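# With the input below, show me the fold.
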Amino acid sequence: MTERDQIETRVELTEDQLRELLDGRRDSIRVPDSGTQANTTPIANVELDREYNLVGIVSDIDDINEFQRNDGDTGQVRNIRIQDRTGALRVALWGEKADKKLSVGDTVHVTNVEIQDGYQDTFEGSVGWNSMLNVVQEPDDPLYWVTVVNSGPEESEPEPDEIPQ
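Numbers count the residues shown, from 1 in each chain. Okay, the predicted model is just below:
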């Protein structure tokens, strides 16, 4: 048994939970086990108006948007979506962080993510000048991983008329 096999665990979710986590695109995904990494918080545990360190898989990347600041300078922002075994979070990358080369499927470690009100009563993270955004290069970075799988429909007891005679 390899070291990876020894530390990898399986998390079983209902079909609805998995569909929400993975946007219905896959039956399973391997994600970093947030909370077991040094000073990281599971996405499901973030609270408004606080800062967190997060680790997750990039599941969506928007284009960079440029805008004019009040002082006349040009600014930029790009939204990404990261997910761990507990949920997903839209994260706004501001300034130079928006230029970071990222791909869907990259594992990222983000520090000092400020949690703010987001679209339609959801939270979103803000990554600014005091945050760090690093792509985790496996296996150089020792992360613990979990495989999130679709547990399938729950089996129920047969109805009395279905019991074999």
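# what is the mean pLDDT for stretch 86-96?
For stretch 86-96, mean pLDDT is 93.
# and if you look at stretch 59-76?
The model assigns stretch 59-76 a mean pLDDT of 94.
# If we go by neighbour counts, what in that stretch is buried?
Ser59 (16 or more other Cβ atoms under 10 Å). To be clear about C-beta, it is placed using only N, CA and C from the backbone, and glycine gets the same treatment.
# List the contacts of it.
With contact meaning Cβ atoms under 8 Å, 6 or more residues apart in numbering, stretch 59-76 is reached by 22-23, 77-83, 88, 94-95, 98-99, 102-104.
# Next, the distance between the ends of that stretch.
21 Å (Cα to Cα, to the nearest Å).
# And for stretch 89-105?
One end of stretch 89-105 to the other measures 15 Å (Cα to Cα).
# Other residues contacting it?
The contact list for stretch 89-105 (Cβ under 8 Å, 6+ apart) reads 43, 46, 54, 56-61, 64, 75-83, 108, 110, 113, 118-119, 122-129, 131, 133, 135.
# which among these end up buried?
For those, buried by 16+ other Cβ under 10 Å: 43, 46, 54, 56-59, 77-83, 108, 110, 113, 118, 123-127, 131, 133.
# In strands only, show me those.
Among those, the members found in strands (DSSP state E) are 54, 56-59, 77-83, 108, 110, 113, 123-127, 133.
# Look through every helix and strand of the protein and give the one with the lowest mean pLDDT.
In the chain, the helix or strand scored least confidently by mean pLDDT, DSSP states H and E is helix 3-7, which has a mean of 41.
# Any buried residues in stretch 40-50, and which?
By neighbour count with 16+ other Cβ under 10 Å, stretch 40-50 contains the buried residues 40-43, 46.
# Can you give me the end-to-end span of it?
One end of stretch 40-50 to the other measures 13 Å (Cα to Cα).
# give the contact list for Asp106.
The contact partners of Asp106, by Cβ under 8 Å, 6+ apart, come to 57-58, 135-136.
# do that again at 10 Å, thanks
Contacts for Asp106 (Cβ atoms under 10 Å, 6 or more residues apart in numbering) come out as 56-59, 61, 80, 82, 100, 135-137.
# now Asn130
Asn130 sits next to 51, 111-112, 114 when contact means Cβ under 10 Å, 6+ apart.
# Export those residues as a markdown table, with columns for distance to Asn70 and neighbour count.
Shown next, in a markdown table, are the contacts of Asn130 (distance: Cβ to Cβ, whole Å; neighbours: other Cβ atoms under 10 Å):
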| residue | distance to Asn70 | neighbour count |
| --- | --- | --- |
| Glu51 | 25 | 15 |
| Thr111 | 28 | 17 |
| Asn112 | 24 | 17 |
| Glu114 | 20 | 17 |
